[in-house]
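Enquirer: I would like the atomic coordinates for the input below:
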Amino acid sequence: MSASEDQADVASVLGGDVSSFDGIVRRWQGPLVNLAYRFCRDRGRAEEMAQEAFLRAYRALGQWRGDAAFSTWLFALATNLYRTELRRIPAGFVSLDDIAELRDSRAIDGGYEDADRDRAIRRAVLALPAKYRDALLLYYFHEMDIPAAASSLGLPEGTVKARLSRGRDILRNKLALPVAQPRLKEA
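Expert: Numbers count the residues shown, from 1 in each chain. Predicted coordinates for the structure are as follows:
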């Protein structure tokens, strides 16, 4: 995804060529829907949330100053919208206490396979309190770096690092990952 394409399309839209916004939507629709899905775990709702994010981005396009990447601005806008939407109508999250403990995949009794472990980790992340969940979703699942995640969440980088650390600690304690299992990467 090209920053120059984003800049050109934004300039064109602001210059009156509304159809140039289609390029922005084509480039960023998949990533915004995926990000929304990671927040709500409902594909239909994720698509609606992404559509609303694009509508808000279109209306606020003149507010992008160009001092950060367009994608950073767009994801910050979308993240704030998704968080607000989930406060308004919460997703059906599962309590951390309701998530089964992971077993050693080397166990003879049929422990979790990689896919099962990944699903359990995702469910556990989604069950975290929002401040930890949001940081982990952006950093691990959407592969944002600390500065981009901090910008998207509207928080200082140190706060994001602390939330990532605390979120990982909660997950480690809840999931009791065996030493041989892959660990969450440190920020």
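
Enquirer: Leu126 and Tyr132 touch, don't they?
Expert: No - using CB atoms under 8 Å, Leu126 makes no contact with Tyr132, being 10.8 Å away. Heads up, the C-betas are built off the backbone N, CA and C, glycines and all.

Enquirer: do me a favour and get the end-to-end distance for stretch 14-22?
Expert: One end of stretch 14-22 to the other measures 13 Å (CA to CA, to the nearest Å).

Enquirer: what does it rub up against?
Expert: Counting contacts by CB atoms under 8 Å, 6 or more residues apart in numbering, the residues outside stretch 14-22 that touch it are 8-9, 12-13, 54, 58, 61-62.

Enquirer: and what of stretch 150-159?
Expert: When contacts are taken as CB under 8 Å, 6+ apart, the neighbours of stretch 150-159 outside the stretch itself are 68, 72, 75-76, 78-80, 134-135, 138, 144, 146-147, 160, 163.

Enquirer: so how far is that stretch from its chain's centroid?
Expert: In this view, stretch 150-159 has its centroid 13 Å away from the chain centroid, taken as CA atoms, centre = their mean, to the nearest Å.

Enquirer: give me the domain ranges for this protein.
Expert: 3-88, 96-175 (automatic domain parsing).

Enquirer: Throw these into a markdown table and include mean neighbour count and mean pLDDT, thanks.
Expert: Compiled in a markdown table, these are given as follows (neighbours: other CB atoms under 10 Å; pLDDT from 0 to 100):
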| stretch | mean neighbour count | mean pLDDT |
| --- | --- | --- |
| domain 3-88 | 16 | 91 |
| domain 96-175 | 17 | 77 |
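
Enquirer: the helices in the protein, which residues?
Expert: Counting by DSSP state H, the chain has helices at residues 3-14, 21-40, 43-59, 70-88, 114-127, 130-136, 146-153, 157-175.

Enquirer: how far off centre is the longest one?
Expert: In this view, helix 21-40 has its centroid 11 Å away from the chain centroid, taken as CA atoms, centre = their mean.

Enquirer: repeat that for stretch 36-55.
Expert: How far stretch 36-55 lies from its chain's middle: 11 Å, per CA atoms, centre = their mean.

Enquirer: hmm, Ile146 is touching Lys161, no?
Expert: Yes - between Ile146 and Lys161 there is a contact at 6.2 Å, judged by CB under 8 Å.

Enquirer: wait, what's in contact with Met49?
Expert: Residues near Met49 by CB under 8 Å, 6+ apart: 36, 39-40, 78, 81-82, 85.

Enquirer: swap that for Ala8, please
Expert: Ala8 makes contacts with Ser20, as judged by CB under 8 Å, 6+ apart.

Enquirer: distance of it from Glu157?
Expert: Using CB to CB, to the nearest Å, we find Ala8 at a distance of 30 Å from Glu157.

Enquirer: go on, Asp6?
Expert: From Asp6 to Glu157 the distance is 24 Å (CB to CB).

Enquirer: kindly report the same for Val33.
Expert: In this view, Val33 and Glu157 are 27 Å apart by CB to CB.
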